[in-house]
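Undergrad: Just need the structure, nothing else, for what follows:
(chains A and B)
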Amino acid sequence: MVLRKTLLCTAMAALGFSAFVSAAEITITCGNVGKEQQICKESVAEWEKKTGHSVNIVTPPTSATEQLALYQQILGSGSSDIDAFQIDVIWPGILGNHLIDLKPFTNGAEKEHFQAIVENNTFKGKLVAMPWFTDAGLLFYRKDLLDKYGYEVPETWEELSEIANKVQDAERSAGNKKMWGFVFQAKAYEGLTCDALEWIDSYGGGDVVNANGDITVNNDNTVKALEMAASWVGNITPQGVLNYMEEDARGVFQSGNAVFMRNWPYAWSLSQNDDSPIRGKVGVVALPKGGEGGKQTGTLGGWQMAVSKYSENPEVTADLVMWLTSKEEQKRRAIVGSYNPTIADLYDDPDVNKASPFMGQLKATFTNAVARPSRATGANYNKVSTAIFNATYEVLSGEQTAEASVAQLEKDLKRIKRRSW
Amino acid sequence: MTFAVLQRSGSPGKTHHSDLTMEKIRSAWLFLLPMIITLAAVAGWPLIRTIWLGFTNANLTDLTVTEFIGFENYLSFYEGEAYGLLVDPDWWNAVWNTVWFTLVSVSLETVFGMGVALILHANFKGRGIVRTAVLIPWAIPTIVSAQMWGWMLHDQFGVVNEILLTLGIINNPIAWTADPDIAMWAVIMVDVWKTTPFMALLILAGLQMLPEDIYEAAHVDGIHPVKVFFNVTLPLIKPALLVAVIFRALDALRIFDLIYVLTSSSTSTMSMSVYARQQLVDFQEMGYGSAATTLLFLIIAALTVITITAGKLKLGEEA
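TA: Next up, the predicted model:
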């Protein structure tokens, strides 16, 4: 009797189980800056082996601005083509309506993550995205060149300008004609908004639109910050920076043609590749202060994984998302790709700190990064960001003075805001 | 088209149509019907819908709350400030950019295209191969050639700067697509490179229609070739040239892909189409973007009418 019951149970369980594992095919997007896509493929392959499901990876455009536009179109049309999206830290408010609540799938895993990011990813009480990695703008510098000419790591933007100028000139007269002082991202796209916010915040100029939605950009410190940045272009920064995104700046820096670079943490592990000409010659610190009275800051970046409301396999997709954002995976990504974990414990992990020493040292930078005004401006954020990067671009390219441009930006932002955000 | 057929089939001056004519008219309509339906579906409906959307506040984030707002997308007042497309400096900047781009690039393409066509018209060995070869830039898809030029014009790794630096023509690499003073010229240069063959092809077709005997007469009279060109060739190929110019100008006015790939949405090169796309796609503003598209349509339509009328008047005078 007992035997028969057991057999029956086993058979039923087997039946049920086989129904459950009937392999699903899902589609996700993974960013493709640096090694990102490759690392994503490896993680996904592991999950495929574990679960028997198969995953297609879609490569989105490299520009975050274009990615958002594409995702808005896909989600706006209610398409089930893509099940999970890698989304930027500023997007939960914009895309939230199209994403499922992940809470039922987390088993409380979100408690281990930085609470600020979890809160950022909570839209109308739903956890619409799991934190995957966090970012903050950092200053990369050439240790060997600073040692060679006897300079300390700059504390302020003023010091950075001076050192960059001197080292650049000295290197050029030594025959290194392509040497530049400082490269960053200044193409008219989201990345320039990040860079601009760092300059403005470091001079104490605030965050353009504050948490209450008030437009605060028109102040002397903002003008000072933009004037400083404009003074670099053509002097210590190639004019081509006006068309650079992350990978263009890294291209110049990693070929050994720049003393300083502003970039995200991912650039670290690539600079330490076997085939990197600057391997072992790179240092990473927090971005400089704006003058003696300024502060060190970095724009909060970072990416999340979210599941589309229109997915035909939301449970399976959520399982993949939980796997990708798990502690184990974040640790691996921190070691092989220098992607900053969103789990606080990992910053004290010896393996992580051995691979990317700056992570532990700069924990404060990552936890205190300045956020873009995406929460206050909601669905209008893309317009706000476009106004910010266009205004900054005009100053950097010398088309407008900082003062005129900031006044114009205030007007533009009011135009976008009208009655409310 | 329809109109012409109808006019021709009905004999003028008669109020009564014979049965046979009526029959002809009826079958003409019948034959035209599929084409009219297709045109209405693929051209008429989207056009009307775009114009309609231009009067609404449609936004892609939530299309269910779309409301009719009249001319607010074009012009509205709020707290003493004017808002809307007609007072948006970015829009007028885009219009100016597009017109400037069209004027310069089409003029250059006409001059160069004429030169290339005259060379290809001459008799020389290997003419067939050369005629095919010059068409290559035009045959490459714009998106591919734009990306290719984007890399060639890159300030640090680009081959163009490398060549100019090696030859000692410039001392510092030029940021072709980033420097706002140069970016538009870079776009124009690539467009001229790409579309001159098309221009040459159309002009060459015109050249080959010309009768040989006029040239023989001119030769016998001992007239200088330059004079022959200006007094004989140019007037004779004017109709072909005009068609080519109108064609190119219409194409140039809706320029999008080349600019978008080379300089993305930078204001220094933004064209009307790039502006409309930014509103529609980046900002999700279906209403406002449709209003921009409607204005784009009206501007192109107006310029076409002006060009064709001017062309007809001139042609008329000469005839």
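Undergrad: For the chain, give me the ranges with low pLDDT.
TA: Since no chain was named, I'll use chain A. Applying pLDDT under 70 to chain A flags the ranges A:1-21.
Undergrad: The chain in question should be chain B.
TA: B:1-16, B:313-319.
Undergrad: Looking at it, which residue is nearest chain A?
TA: Proximity of chain B to chain A (CB to the nearest CB) peaks at residue B:155, 2.9 Å away. Yep, even glycine has a C-beta here, placed from its N, CA and C like the rest.
Undergrad: got the contact list for the nearest residue to that residue once chain neighbours are set aside?
TA: Distances taken as CB to CB, 6 or more residues apart in numbering or on different chains place residue A:240 nearest to residue B:155, at 2.9 Å, with adjacent residues excluded. Residues in contact with residue A:240 (CB atoms under 8 Å, 6 or more residues apart in numbering or on different chains) are A:248, B:154, B:155, B:156, B:173, B:175, B:178.
Undergrad: I only care about the residues you listed that end up buried; give me the ChimeraX line for that.
TA: Command for ChimeraX that selects the buried part of the contacts of residue A:240, burial taken from 16 or more other CB atoms under 10 Å in any protein chain shown:
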select /A:248 /B:154,155,156,173,175,178
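Undergrad: On the three-state scheme, the most centrally placed residue in chain B is what?
TA: Geometric centre of chain B, nearest residue: residue B:251, 1.5 Å, by CA atoms, centre = their mean. Of the three states, residue B:251 takes helix according to DSSP: H, G, I helix; E, B strand; the rest coil.
Undergrad: distance of it from residue B:304?
TA: As judged by CB to CB, to the nearest Å, residue B:251 and residue B:304 stand 12 Å apart.
Undergrad: and what of residue A:252?
TA: Taking CB to CB, one finds residue A:252 at 46 Å from residue B:304.
Undergrad: Tell me which of those two has more neighbours.
TA: residue A:252 (23 against 14; other CB atoms under 10 Å in any protein chain shown).
Undergrad: Tell me if that one really is in a helix.
TA: Yes: Residue A:252 forms part of a helix when assessed by three-state DSSP.
Undergrad: Could I get the contacting residues of it?
TA: Taking CB under 8 Å, 6+ apart, one finds A:180, A:183, A:238, A:244, A:258, A:261, B:156 in contact with residue A:252.
Undergrad: ok, so of these, who is nearest residue A:46?
TA: For the contacts of residue A:252, the minimum distance to residue A:46 (CB to CB) is 32.5 Å, reached by residue A:261.
Undergrad: hey, where'd the strands end up in the chain?
TA: No chain in the question, so chain A it is. A:25-29, A:54-58, A:84-88, A:122-123, A:126-127, A:130-136, A:138-142, A:180-183, A:258-263, A:282-286, A:300-307 (DSSP state E).
Undergrad: looking at chain B here, not the other one
TA: Remark: strands assigned in chain B by DSSP E are B:76-78, B:81-83.
Undergrad: Pull out the buried residues from the last one.
TA: Of the residues in strand B:81-83, those with enough neighbours to count as buried (16+ other CB under 10 Å) are residue B:83.
Undergrad: still on that earlier bit, tell me the one of the contacts of residue A:240 nearest residue B:84?
TA: residue B:178 (31.3 Å).
Undergrad: Contact residues of the stretch 151-300 of chain A facing chain B?
TA: A:178, A:187-189, A:238-244, A:248, A:251-252, A:257 (CB under 8 Å from any CB of the partner chain).
Undergrad: which of those count as buried?
TA: A:187-189, A:238-244, A:248, A:251-252, A:257.
Undergrad: Could you point out which of those is nearest to residue A:56?
TA: Nearest member of these to residue A:56, counting by CB to CB, is residue A:189, at 27.0 Å.
Undergrad: pretty sure residue B:143 is in contact with residue B:261, am I right?
TA: Yes: in this structure, residue B:143 is within contact of residue B:261 by CB atoms under 8 Å, at 6.2 Å.
Undergrad: the more surrounded of those two?
TA: Between residue B:143 and residue B:261, residue B:261 has the larger neighbour count (other CB under 10 Å), namely 20 against 12.
Undergrad: what's the spacing between the closest residue to that one other than its chain neighbours and residue A:55?
TA: In space, and not counting its chain neighbours, residue B:261 is closest to residue B:146: 3.7 Å by CB to CB, 6+ apart. Separation of residue B:146 from residue A:55 (CB to CB): 33 Å.
Undergrad: Surely residue B:241 and residue B:203 touch.
TA: Yes: using CB under 8 Å, residue B:241 is in contact with residue B:203, at 6.3 Å.
Undergrad: which neighbours do these two share?
TA: Jointly contacting residue B:241 and residue B:203 under the rule CB under 8 Å, 6+ apart are residue B:114.
Undergrad: neighbour-wise, which of these two wins?
TA: residue B:203 (25 against 20).
Undergrad: Is there a neighbour count for the nearest residue to the more buried one once chain neighbours are set aside? I'd like the number.
TA: Take residue B:203 and drop its neighbours on the chain: the residue closest to it by CB to CB, 6+ apart is residue B:117, 3.9 Å away. Look at residue B:117: counted by other CB under 10 Å, it has 26 neighbours.
Undergrad: same thing with residue A:245?
TA: 20.
Undergrad: for residue B:151, same thing?
TA: Other residues lying near residue B:151 total 11 when counted by other CB under 10 Å.
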